[in-house]
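>>> need a 3D model of the following:
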Amino acid sequence: MMWITKIILFPISLLLSIITAFLTFLFSIGMALLYIIMIICVFVAFGPFFMLYNPKAAIEALIIGFLLSPYRLPMIGATVIAFIEF
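Sure thing, here's the model as predicted:
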């Protein structure tokens, strides 16, 4: 009886494993893109600060860069993927 259950549930388990692998791949691609955007925001922040001495624009760009950094949004995705895997 137990082996019948394993045979029936094997495709579901395989599908969930494939979905988890695909979501992990998408997560890593998204994190790389967010990291690139964060680096651009940081460099944009240094431009107004050093060239024009506009601290307000520099602080805004640094805050946006930090919000898009790998320490904020991607951690939510990592938490969701970890929750799905276990």
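>>> so which strand or helix has L62?
Here L62 sits within helix 55-67, counting by DSSP states H and E.
>>> right, I mislabeled it, should have said I37
Short version, using DSSP H and E: I37 is in helix 2-47.
>>> can you name every helix or strand that the helix holding L62 contacts?
Here helix 55-67 touches helix 2-47, going by 3 or more CB pairs under 8 Å, 6 or more residues apart in numbering; DSSP states H and E. In this view, the C-beta of every residue, glycine as well, is placed from N, C-alpha and C.
>>> now do the same for the helix it packs on: mean pLDDT, whole number.
For helix 2-47, mean pLDDT rounds to 84.
>>> that one packs against which elements?
helix 55-67, helix 73-85.
>>> mind checking which of these is nearest M2?
Of all those, it is helix 73-85 that lies closest to M2, at 24.2 Å by CB to CB.
>>> and the closest one, what other elements does it pack with?
Counting by 3+ CB pairs under 8 Å, 6+ apart, helix 73-85 packs on helix 2-47.
>>> that older thread, format the helices and strands packed on helix 2-47 as CSV; extra columns: mean neighbour count, distance to S28 and mean pLDDT.
Shown next, in CSV, are the helices and strands packed on helix 2-47 (neighbours: other CB atoms under 10 Å; distance: least, CB to CB, whole Å; pLDDT from 0 to 100):
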stretch, mean neighbour count, distance to S28, mean pLDDT
helix 55-67, 15, 19, 76
helix 73-85, 12, 9, 73
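>>> wait, which of these is closest to I4?
I4 lies closest to helix 73-85 among the helices and strands packed on helix 2-47, at 26.3 Å (CB to CB).
>>> how about residues contacting that closest one?
20, 23-24, 27, 30-31, 34, 67 (CB atoms under 8 Å, 6 or more residues apart in numbering).
>>> ok, 7 Å please
20, 23-24, 27, 30-31, 34 (CB atoms under 7 Å, 6 or more residues apart in numbering).
>>> list just the nearest of those to Y53.
Using CB to CB, L34 is the member of these that lies nearest Y53, at 28.9 Å.
>>> any idea how far that closest one is from F25?
Distance, L34 to F25, using CB to CB, to the nearest Å: 15 Å.
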